[in-house]
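# Take this sequence and fold it.
(chains A and B)
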Amino acid sequence: MINTNDIIETIGMINDENLDVRTVTMGISLLDCADPDPKRACEKIYEKIVTRAKYLVPVCESITAEYSIPIVNKRISVTPISMLLASSPGANPVEYAKTLDRAAKAVGVNFVGGFSALVHKGFAAGDARLIEAIPQALAETDFVCSSVNIGSTKSGINMDAVAMMGPVIRKAAERTKDNNCIGAAKLVVFCNAPEDNPFMAGAFHGVGEPDCAINVGVSGPGAVRSALQKHAKGLDLAGVAETVKKTAFKITRMGQMVGELAGKALGVPFGIVDLSLAPTPAVGDSVAAVLEEMGLESVGGYGTTAALALLNDAVKKGGVMASGLVGGLSGAFIPVSEDAGMIAAAEKGILTLEKLEAMTAVCSVGLDMIVVPGDTPADVLSAMIADEAAIGMVNSKTTAVRVIPAIGKKVGEQLNFGGLLGYGPVMPVNTASPAAFIARGGRIPAPLQALKN
Amino acid sequence: MQAVITVVGTDKVGILAKISGICAEEGVNVEEVTQSILRGTFAMIMMVNIENAKSDFKTLTQRLQQGGEELGIDVHVTRQEIFDAMHRI
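Residues are numbered from 1 along each chain as shown, chains lettered A, B, ... in the order given. The predicted structure is shown next:
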């Protein structure tokens, strides 16, 4: 017999606390679609995606119907497209992006990730062409997401790529300035990018992955906050951590079950559960609110980094016990525009870019969904990427930058992306020039942390 | 195949009759029922076996939810595995 309280708790978590599976992402290898003839390559890409992902959306919908578990996004990640461009020197990368977009629309998914290049140590054939094409590709497609890995603990930071990415982010925003600069919101620059990440915009299907796999990203800041409200009153921080762990366990078990069910129904191996607390702009479904529930007046004040470190660690400890296969980014997300509490703190000026940078040292990912002034120089964006990458490289963790220059706008104004991407106030940026540093180029050598053998 | 029907709303005459009536019509066997009234709110949990149900899961859910709407109560139908997954090691 199942405990009545457990049933009521689960129903309450789903109905009242926004608990959901944030994404079921099908990773599809396109390595067998490479072709010297770009037209033929695009045909193969389209065919493979629509064949593999034909039933992804209906299967997810039937899981939602039978188990009452909302699955918010159904997505696809593919092999970094630069690898396919390598075999076709004359190809226009934008055509590949358009093919991905058409395939995504045909199968009804929300996003397709993988218009990507991995250049942490240098550029192979196809990489530079793909990077240059990113702004146009993101402006001329709806559902395609792009990412570039510019550094890793093992290889150091490719500063030539860092220097390229500042201008690329600016161009992506400029080309979509009539649509809230949305191009830049679909582009992430990574250090230590995971190859099985189900979350966008950074999802791609790594070369070490199987031909096809199902990866699941869970959510649940609302459920964690509610558990703290109900069960952690008067407890010390070890008690808070314990409460978070228990809730994370339950959330992850749900994700694990969904992944197994989806994999079985689709005849595809279940890859990983990504143990991430992903917020939404809905009131209460906020990582900032979880931190404030621990006792902070506002996220962004002193104590925020410590509270976030506790949260991130407890989510992993609870989640890792609940899932046999954990991967992806796995940690708390802090995307400013997607989190009502972060937005409020940024609007008040309490949450600053400098504090966010510190927070990225102890949680998942990095500077995420941050709107910066439209006149922020490209080399400042590059330097911002370099700083984040350095944190990731030295701490052997993933870090990333997804900032959106609000073209034509200043501090005090805002961009509104709508939906899960939310809205964000334009935040002030320190613009002391890093131009000469960025212009040096070359590589920042791999740190001592890389030498583990 | 086990499912859990949860019913929450203002207590009134005929809730159990209505929900179990639909179950009987659909060939769903009610195996266990717990109900309680917490501060005026009626809460009922039914464990049911849907192996021999006449309709598919979606139709069954729609019928039960429609029955709930007629009485002004919320009805959820969920397969049991989710509760096992979340609350048992």
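
# What is the neighbour count of residue 43?
Since no chain was named, I'll use chain A. Residues lying near residue A:43 (other CB atoms under 10 Å in any protein chain shown) number 14. Just so you know, the C-beta spots here come from the backbone N, C-alpha and C atoms, and that holds for glycine as well.

# Chain B was what I was after
A count of nearby residues for residue B:43, using other CB under 10 Å, gives 19.

# which element is it on?
Assigned by DSSP states H and E, residue B:43 belongs to strand B:41-49.

# For that strand, what does the pLDDT average out to?
In this model, strand B:41-49 has an average pLDDT of 90.

# Then stretch A:293-308?
97.

# Can you give me the end-to-end span of it?
Across its full length, stretch A:293-308 reaches 12 Å between end residues, using CA to CA, to the nearest Å.

# now the lengthiest helix in chain B: mean pLDDT?
As assigned by DSSP state H, the longest helix anywhere in chain B is helix B:57-71. Confidence over helix B:57-71 (mean pLDDT, whole number) is 93.

# helices or strands up against that helix?
Judged by 3 or more CB pairs under 8 Å, 6 or more residues apart in numbering or on different chains; DSSP states H and E, helix B:57-71 is in contact with helix A:56-67, strand B:2-10, helix B:15-25, strand B:74-79.

# List the buried residues in the strand holding residue B:43.
Residues B:42-49 are the ones in strand B:41-49 that count as buried (16 or more other CB atoms under 10 Å in any protein chain shown).

# again, but for stretch A:213-229
Using 16+ other CB under 10 Å as the burial criterion, the residues of stretch A:213-229 that qualify are A:213-228.

# ditto for stretch A:123-135
Quick answer for stretch A:123-135 (16+ other CB under 10 Å): A:123, A:126-131, A:133-135.

# mind listing which of those residues are in helices?
Judged by DSSP H, the buried residues of stretch A:123-135 include A:127-131, A:133-135 as members of helices.

# Make TSV from the helices and strands packed on helix B:57-71 and add distance to residue A:269 to it.
Listed next are the helices and strands packed on helix B:57-71 as TSV, based on distance: least, CB to CB, whole Å:
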stretch	distance to residue A:269
helix A:56-67	14
strand B:2-10	27
helix B:15-25	38
strand B:74-79	23
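
# Rebuild those as JSON lines, extending it with distance to residue A:117, mean neighbour count and mean pLDDT.
Below are the helices and strands packed on helix B:57-71 laid out as JSON lines (distance: least, CB to CB, whole Å; neighbours: other CB atoms under 10 Å in any protein chain shown; pLDDT from 0 to 100):
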{"stretch": "helix A:56-67", "distance to residue A:117": "25", "mean neighbour count": "20", "mean pLDDT": "95"}
{"stretch": "strand B:2-10", "distance to residue A:117": "48", "mean neighbour count": "19", "mean pLDDT": "91"}
{"stretch": "helix B:15-25", "distance to residue A:117": "56", "mean neighbour count": "16", "mean pLDDT": "94"}
{"stretch": "strand B:74-79", "distance to residue A:117": "43", "mean neighbour count": "20", "mean pLDDT": "92"}
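
# Give me the nearest residue to residue A:213, chain neighbours excluded.
Nearest in space to residue A:213, with sequence neighbours left out and distances taken as CB to CB, 6 or more residues apart in numbering or on different chains, is residue A:271 at 3.7 Å.

# now swap in residue A:387 and tell me
Nearest residue to residue A:387 in three dimensions, chain neighbours excluded: residue A:357, at 6.6 Å (CB to CB, 6+ apart).

# and the one you found, how many neighbours?
Neighbour count for residue A:357, taken as other CB under 10 Å: 16.

# Next: residue B:88.
As a burial measure, residue B:88 scores 10 neighbours (other CB under 10 Å).

# And it, how far from residue A:69?
Plainly put, residue B:88 is 17 Å away from residue A:69 if you go by CB to CB, to the nearest Å.

# which bits of chain B sit near chain A?
Within chain B, the residues that sit near chain A (CB under 8 Å from any CB of the partner chain) are B:4, B:6, B:32, B:34, B:36, B:43, B:45, B:47, B:57-58, B:61, B:76-87.

# If we use 7 Å, what do you get?
Applying CB under 7 Å from any CB of the partner chain, one finds that chain B approaches chain A through B:4, B:6, B:32, B:34, B:45, B:57-58, B:61, B:76, B:78-79, B:81-83, B:85-87.

# which parts of chain A sit against chain B?
By CB under 7 Å from any CB, the residues of chain A that approach chain B are A:1-4, A:6-7, A:10-11, A:65-69, A:250, A:253-254, A:257.

# Quick one: buried ones out of the residues you listed?
Listed as buried from the residues of chain A next to chain B are A:2, A:7, A:10-11, A:65-69, A:250, A:253-254, A:257; burial here means 16+ other CB under 10 Å.

# want to throw those residues into TSV with distance to residue B:68?
As requested, these are exported to TSV (distance: CB to CB, whole Å):
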residue	distance to residue B:68
A:2	21
A:7	16
A:10	18
A:11	14
A:65	16
A:66	18
A:67	19
A:68	14
A:69	20
A:250	26
A:253	28
A:254	24
A:257	26
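
# Thanks again, I'm all set now.
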